[in-house]
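Peer 1: Give me a model of this one.
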Amino acid sequence: MARTLYSRRTYLSARGVNTIKDRNGKITYILSGRWGMMPAVMEVYNVSDQRLAQIRQRSLGVLPRFELYDANQEMVGSLRRYYRMGPEILFVSGLNWVVLGNSLHFNYRVYHGRKLIMTLKEFSTQNQADLAMTVTDQNDEPICLCLAAILDFWAKTPHKKKQIRFNHKYHQLGNFS
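Peer 2: Residues are numbered from 1 along each chain as shown. Reported below is the predicted structural model:
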């Protein structure tokens with residue numbers, strides 16, 4: 001049976017401890033960790049403090065690679081972003097999940113073949129951006145939370161081209177963004 005979970009978008013991929021709630025406002029999961037510096041790890045816990053899933057950032061840079069681990073510390077999938085024109089299409093290898101969506105509007109659907117695994121939508125409440133994540137199978141929720149955190153991280157750190165200009169006055173190259 002499908003269940004919808006909620007989180008503040010500004011908190012989902014932030015450093016520290018973040019809570020994920022059900023439709024009644026009850027905390028169901030806790031997401032903790034950090035991004036950006038190696039080793040970058042985020043973990044999903046239930047309210048009984050059992051680790052259910054983990055994300056490990058395996059590379060830094062513009063196109064970082066992430067690995068997804070289950071409660072037994074076994075790698076179940078990996079994900080890497082590729083830049084291209086048009087809608088965003090990602091593939092979670094190991095799980096054979098396809099992620100279709102748009103990072104500008106933060107609206108995603110995750111499929112395994114034709115079976116819908118998760119929908120992820122952003123909506124606004126009280127001048128804040130919130131996320132609604134509907135997962136069709138409750139056993140997939142921890143890994144889906146990991147995937148949502150990665151997608152949120154990528155949406156917050158868009159690919160920017162830096163302009164390099166030549167400063168004629170000082171005959172130097174400079175970074176001007």
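
Peer 1: which other residues reach the longest helix seen in the chain?
Peer 2: Identified as the longest helix of the chain according to DSSP state H is helix 141-156. With contacts defined as Cβ atoms under 8 Å, 6 or more residues apart in numbering, helix 141-156 is touched by 3, 5, 7, 9, 12-13, 20, 29, 31, 35, 42, 44, 52-55, 66, 68, 70-71, 76-77, 79, 81, 92, 95, 97, 99, 101, 103-104, 106, 108, 110, 117-118, 120, 131, 133, 135. C-beta here means a position set from N, CA and C on the backbone, and glycine is covered the same way.

Peer 1: What of stretch 113-128?
Peer 2: 8-10, 96-97, 101, 105-111, 129-137, 140, 144, 147-148, 151.

Peer 1: Buried ones from the residues you listed, can you make that a PyMOL selection?
Peer 2: A single PyMOL command selects the buried members of these (16 or more other Cβ atoms under 10 Å):
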select buried, resi 8+9+97+101+106+108+110+130+131+133+134+135+136+140+144+147+148+151
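
Peer 1: ok, so what distance separates the most centrally placed residue in the chain from Leu100?
Peer 2: Among the residues of the chain, Ile150 comes closest to the average C-alpha position under Cα atoms, centre = their mean, at 1.9 Å. In this structure, Ile150 and Leu100 are 15 Å apart, going by Cβ to Cβ, to the nearest Å.

Peer 1: now do Met42
Peer 2: Distance from Met42 to Leu100, counting by Cβ to Cβ: 23 Å.

Peer 1: ok, and the closest non-adjacent residue to Ser32?
Peer 2: Val17 (4.5 Å; Cβ to Cβ, 6 or more residues apart in numbering).

Peer 1: what residues are up against that neighbour?
Peer 2: By Cβ under 8 Å, 6+ apart, the neighbours of Val17 are 30-32.

Peer 1: Lowest-scoring secondary structure element of the protein by mean pLDDT?
Peer 2: strand 163-167 (a mean of 43; mean pLDDT, DSSP states H and E).

Peer 1: For stretch 47-63, give me every contacting residue.
Peer 2: 27-30, 33, 35-36, 38-46, 64-71, 73, 78, 80-83, 142-143, 145-146, 149-150, 159.

Peer 1: and the angle from whichever strand or helix holds Leu116 to helix 141-156?
Peer 2: Using DSSP states H and E, Leu116 falls within strand 115-125. Interaxial angle, strand 115-125 versus helix 141-156 (axes from the mean of the first three to the mean of the last three Cα atoms, to 10 degrees): 50 degrees.
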